[in-house]
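*Asks:* task: produce atomic coordinates for the following.
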Amino acid sequence: MKLANVFAARPAIARLVTLNMAPKVAYKVLRWSGKFDTEYAITEGQRTKLLHDISGVEVGTNVAIEPGTPEFDRFVKEFNDILSVDSALAVCPMRMDALIAALDVSDGNTLSVQDIAMLEPLFESDAE
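*Replies:* Numbering: from 1, shown residues only. Presented below is the predicted three-dimensional model:
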């Protein structure tokens, strides 16, 4: 899995952890989501540092880079380089179909197709 998968999945993980599931499944998701949050925070820290480095603004100061500028192009290239790196985060020790089955038990649980697409690379696959 790449850091891009981690960075893109944050909203889907936020929705996932609010859903009802059996305690055994919830505990597994809880333990893993804490590791996910750590990996996401590291990636977000790299993004923030890159923004400040390129803009020449001190960290802790609000910064924005205008689209269409050479600085923006540099940011996009360098951040994409960061996102293409393999993540140190291990996939969640649960198959995606098992997670979906656990979520299907409760009528109030819903995930969008987009959520599932973002989550799928983060869980064990059938091939593993």
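*Asks:* okay, CA-based contacts and neighbour counts for the rest of this
*Replies:* OK.
*Asks:* what is the burial count for residue 40?
*Replies:* 22 (other C-alpha atoms under 10 Å).
*Asks:* surely it meets residue 8?
*Replies:* No: using C-alpha atoms under 8 Å, residue 40 is not in contact with residue 8, being 9.5 Å away.
*Asks:* now residue 16. Its backbone dihedrals?
*Replies:* Main-chain dihedrals, residue 16, degrees, to the nearest 10: phi -60, psi -50.
*Asks:* how near is it to residue 29?
*Replies:* The gap separating residue 16 from residue 29 is 9 Å, by C-alpha to C-alpha, to the nearest Å.
*Asks:* what do you get for residue 86?
*Replies:* For residue 86, the distance to residue 29 - C-alpha to C-alpha - is 21 Å.
*Asks:* same question, residue 5
*Replies:* Distance from residue 5 to residue 29, by C-alpha to C-alpha: 17 Å.
*Asks:* so what touches whatever helix or strand residue 5 lives in?
*Replies:* If you go by DSSP states H and E, residue 5 is part of helix 3-16. Under the criterion C-alpha atoms under 8 Å, 6 or more residues apart in numbering, residues 33, 36, 39-40, 43-44, 82-87, 111, 115-116, 118-119, 121-122 lie in contact with helix 3-16.
*Asks:* next: stretch 107-124.
*Replies:* So stretch 107-124 is contacted by 1, 5-6, 8-9, 11-13, 15-16, 19-20, 90-96, 103 (C-alpha under 8 Å, 6+ apart).
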